[in-house]
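J.: Provided below for reference: sequence and predicted model.
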Amino acid sequence: MEHTAIHTADHAAEARKEIWKITGILTVLTIVELGLGFYMMNVPLDEHSKRSFIKGVIIILMISKAFYIIAYFMHMKYEVKNLIMTTAVPLTIFIWFIIAFLYEGNSYKNLRNTYDGHFRDRKEIMAPVREKEAVKEIKAEQKPAE
Amino acid sequence: MSTTTIAPSAKLWGGGKSPFNVEYGKLMMWYFLMSDAFTFGAFLISYGTIRFSSVGWPDPNKVFKSYPFAGESANAPLVFVSIMTFILIISSVTMVMAVQAGQQMRKQAVVLNLVLTIIGGIAFLSCQAWEWNHLFSEGAWWGRNPFPNADGTIASTNFTNYFFTITGFHGFHVFSGVIINIVMLIMTLTDQFEKRGHYLMIEKAGLYWHFVDLVWVFVFTCFYLI
């Protein structure tokens, strides 16, 4: 009896330690993600490959965060294998789902760029400058004159 | 002569006992969450498809750059949303602690951690309400998009439509999660779980709450970071 009590106390302490460890990992991953986000603000829009690479790294970090939440917070790692399989296997359809639909979206853009004159012209139309920003710019221009 | 009993494999079902080693309600919660993951997944993939089929897209750093009590000239991209993210992570941590306290039948600790989780959920919802209100005051809503594409060209309304639909759907999940947690708190305070002899219900509510946090990981990345 005494032995069991000690054992559960040990187990509880261990479980608590694990929570804090996972919290730390999630925090670090989020901070790295935010760091990459801040870094990407200064990468020019036309450097496609560099921006895509950073986005890829952010997506890998996102998936690892999801893994830690599911495995430890939702306790999936400690469930029997059958339960893991009945939820994980159906979700693998997302691999096809994501690749197929993003490919299709990209293909639709290329087709419209080639054959749709209106779509082609639209990307040349500049958005009107917004009122608030325009006022701000005018003020900034007027300041040195004063 | 000793009778040999074939020990059922711990990893795979050998028949004779529950294959999943969890109670019915928890198993069904997993399947519900799986179906919900498909719903959110379909929303996000739809967003990705439309984004891939557009030549331009608004820069999130120029759209989400304000925070409460800031003036017109606030320029702090990612700051407010990272606070929202950390609120949700911390509320997830307190939820795990409520579940663990429940397994050890420590009622006081369950109550404390549930209250903290509810506060976290309400804080997140308040942040989202502020952000929606702010974007609305800038002229953004379903069918209205005042933000130009990143290269300054005119944008379609896809950006705001997807943003409000997906964060709204997630926010509704947070809202129902808070309601579920409040119900759990009332049931704990009225000793319902003590009478039953277990806090398994809290574990199911916990799964739902972690799922809400999990979805935010994806929504946050897809809308604010990339």
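T.: Yep, that arrived.
J.: what sits against residue B:159?
T.: Residues touching residue B:159, when contacts are defined by C-beta atoms under 8 Å, 6 or more residues apart in numbering or on different chains, comprise B:57-58, B:63, B:145, B:147. In short, each C-beta sits where N, CA and C put it, glycine included.
J.: name the element it belongs to?
T.: For residue B:159, the host element (DSSP states H and E) is helix B:158-189.
J.: show the pLDDT at residue B:23.
T.: Reading off the confidence values, residue B:23 has pLDDT 86.
J.: so how far is chain A from the closest residue to it other than its chain neighbours?
T.: In space, not counting the residues next to it along the chain, residue B:23 is nearest to residue B:200; the distance is 6.2 Å by C-beta to C-beta, 6 or more residues apart in numbering or on different chains. Residue B:200 sits at a distance of 12 Å from chain A (criterion: C-beta to the nearest C-beta, to the nearest Å).
J.: list the contacts of residue B:200.
T.: Counting by C-beta under 8 Å, 6+ apart, residue B:200 makes contact with B:23, B:25-26, B:102.
J.: quick one: least confident helix or strand in chain A?
T.: Among the helical and strand segments of chain A, the one scoring lowest on mean pLDDT, DSSP states H and E is helix A:131-142, with a mean of 60.
J.: and the worst-scoring helix or strand of chain B on mean pLDDT, what's buried?
T.: Each helix and strand of chain B was given a mean pLDDT (mean pLDDT, DSSP H and E); the minimum falls on helix B:60-63 at a mean of 91. Residues B:60-61, B:63 are the ones in helix B:60-63 that count as buried (16 or more other C-beta atoms under 10 Å in any protein chain shown).
J.: and chain A, which of these reach it?
T.: With C-beta under 8 Å from any C-beta of the partner chain as the criterion, the members of the buried residues of helix B:60-63 in contact with chain A are residue B:61.
J.: now, among the buried residues of helix B:60-63, which is nearest to chain A?
T.: For chain A, the closest of the buried residues of helix B:60-63 turns out to be residue B:61, at 5.2 Å, with distances computed as C-beta to the nearest C-beta.
J.: do you know how far that closest one is from residue A:24?
T.: Counting by C-beta to C-beta, to the nearest Å, the separation of residue B:61 from residue A:24 is 27 Å.
J.: with residue B:149 instead?
T.: Where residue A:24 is concerned, residue B:149 sits at a distance of 39 Å (C-beta to C-beta).
J.: of these two, who's got more company?
T.: Applying other C-beta atoms under 10 Å in any protein chain shown to residue B:149 and residue A:24 shows that residue B:149 carries more neighbours, namely 20 against 10.
J.: quick one, phi/psi of that one?
T.: Main-chain torsions, residue B:149, degrees, to the nearest 10: phi -70, psi 170.
J.: OK, contacts around it?
T.: By C-beta under 8 Å, 6+ apart, residue B:149 lies in contact with A:127, B:55-59, B:155.
J.: one more pass at 10 Å, please.
T.: Taking C-beta atoms under 10 Å, 6 or more residues apart in numbering or on different chains as the criterion, residue B:149 is in contact with A:45, A:123, A:126-127, B:54-59, B:155-156, B:159.
J.: take the residues you listed and keep only those in helices.
T.: With DSSP state H as the criterion, helices contain residue B:159 from among these.
J.: list only buried entries from the contacts of residue B:149.
T.: A:127, B:54, B:56-59, B:155, B:159.
J.: of all those residues, which comes closest to residue B:179?
T.: Ranked by distance to residue B:179 (C-beta to C-beta), the buried ones among the contacts of residue B:149 are led by residue B:159 at 30.4 Å.
J.: PyMOL command to pick out the buried ones of the contacts of residue B:200?
T.: For the buried members of the contacts of residue B:200, the matching PyMOL selection, counting by 16+ other C-beta under 10 Å, is:
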select buried, chain B and resi 26+102
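J.: let me know the closest of the contacts of residue B:200 to chain A.
T.: Here the nearest of the contacts of residue B:200 to chain A, counting by C-beta to the nearest C-beta, is residue B:26; it sits at 9.1 Å.
J.: which of the three states applies to the closest one?
T.: The three-state label for residue B:26, taken from DSSP: H, G, I helix; E, B strand; the rest coil, comes out as helix.
J.: and it, how close does it get to residue B:204?
T.: When C-beta to C-beta is applied, the distance between residue B:26 and residue B:204 equals 6 Å.
J.: and what of residue B:169?
T.: For residue B:169, the distance to residue B:204 (C-beta to C-beta) stands at 21 Å.
J.: compare these two (neighbour count), which wins?
T.: When residue B:169 and residue B:204 are compared on other C-beta under 10 Å, the one with more neighbours turns out to be residue B:204, at 20 against 15.
J.: in chain B, where is pLDDT below threshold?
T.: Residues of chain B meeting the criterion pLDDT under 70: B:1-16.
J.: could you count how many residues lie near residue 99?
T.: Since no chain was named, I'll use chain A. Neighbouring residues of residue A:99 were enumerated by other C-beta under 10 Å; the total is 10.
J.: the chain in question should be chain B.
T.: For residue B:99, the number of neighbouring residues by other C-beta under 10 Å comes to 27.
J.: does it sit in a helix, a strand or a coil?
T.: The assignment at residue B:99 comes out as helix when based on three-state DSSP.
J.: leaving out sequence neighbours, find the closest residue to it.
T.: Residue nearest to residue B:99 in three dimensions, not counting chain neighbours: residue B:206, with 4.4 Å by C-beta to C-beta, 6+ apart.
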